[in-house]
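Asks: Attaching a predicted model along with its sequence, questions to come.
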Amino acid sequence: MTRRWAPKGSRPTAVKQTEYEWVYLFGAVNPVTGDSSALLAPTVNTEYMNHHLRFISERVEPDVHVVLVLDQAGWHRSKGLRVPENVTLLHLPPYSPELNAVERLWAFLKSHYLSNRAYDNYDHLFQACGKAWNQLTPERLRSICRTQWIPRTN
């Protein structure tokens with residue numbers, strides 16, 4: 001048995017997996033254009049964060065400067081971080097996930113693609129995460145990650 005939202009009095013079934021393995025998704029989205037960059041990893045640490053920053057830096061046009069909004073996770077603030085010259089990190093105040101547009105994206109991915117499923121093994125979970133990310137279109141990303149504090153220019 002697991003919990004899920006349902007009309008009062010109904011008893012829907014849902015799959016619940018009791019083993020735990022983790023896949024981590026480093027993701028960045030431009031809420032104005034829907035452009036995105038992602039990195040799937042088996043753990044979170046400064047090394048993977050550096051790879052993610054490099055991917056973001058290389059993906060944008062040469063005359064573009066990226067402002068990356070982040071929470072204050074340890075790997076976002078590590079002294080070993082190598083921040084590319086065309087990237088600025090904007091750390092949010094503690095305990096303010098509502099200000100980070102990508103937090104809504106994590107909830108969407110879980111609710112639409114990843115929750116209430118059973119995975120055969122780590123590789124199956126890893127593939128499911130990649131497939132979920134790849135189903136996101138720029139239009140969907142703009143819709144999910146839209147914020148009032150980042151004005152639309154188009």
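Replies: Happy to help now that I have it. Numbering: from 1, shown residues only.
Asks: would you list every one of the strands in this protein?
Replies: With DSSP state E as the criterion, the chain has strands at 24-29, 36-41, 66-70, 87-91.
Asks: relative to strand 66-70, how tilted is the second one?
Replies: Orientation of strand 36-41 against strand 66-70 (axes from the mean of the first three to the mean of the last three C-alpha atoms, to 10 degrees) gives an angle of 50 degrees.
Asks: got the contact list for strand 36-41?
Replies: Strand 36-41 has contacts (C-beta atoms under 8 Å, 6 or more residues apart in numbering) with 23-30, 48, 51-52, 55-56, 59, 126, 129-130, 133, 136, 138, 141. To be clear about C-beta, it is placed using only N, CA and C from the backbone, and glycine gets the same treatment.
Asks: if we go to 7 Å?
Replies: 23-29, 48, 51-52, 55-56, 59, 126, 129-130, 133, 141 (C-beta atoms under 7 Å, 6 or more residues apart in numbering).
Asks: Now restrict those residues to buried residues only.
Replies: 23, 25-29, 48, 52, 56, 126, 129, 133, 141 (16 or more other C-beta atoms under 10 Å).
Asks: I'd like the strands of the chain laid out as TSV, including distance to Arg77 and mean pLDDT.
Replies: Listed next are the strands of the chain as TSV, based on distance: least, C-beta to C-beta, whole Å; pLDDT from 0 to 100:
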stretch	distance to Arg77	mean pLDDT
strand 24-29	15	96
strand 36-41	18	96
strand 66-70	8	95
strand 87-91	7	96
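Asks: who wins for proximity to Asn100 among these?
Replies: strand 66-70 (5.6 Å; C-beta to C-beta).
Asks: Can you show me the CA trace of the closest one as PDB?
Replies: Output of strand 66-70 as PDB, limited to C-alpha atoms (Å, rounded to 0.1, in the frame of the first residue of the first chain):
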ATOM      1  CA  VAL A  66      24.200  32.900 -17.900                       C
ATOM      2  CA  VAL A  67      22.900  33.700 -14.500                       C
ATOM      3  CA  LEU A  68      22.300  30.400 -12.800                       C
ATOM      4  CA  VAL A  69      19.800  30.400  -9.900                       C
ATOM      5  CA  LEU A  70      20.800  27.900  -7.200                       C
END
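Asks: Packing partners of that strand?
Replies: Applying 3 or more C-beta pairs under 7 Å, 6 or more residues apart in numbering; DSSP states H and E, we find strand 66-70 packed against strand 87-91.
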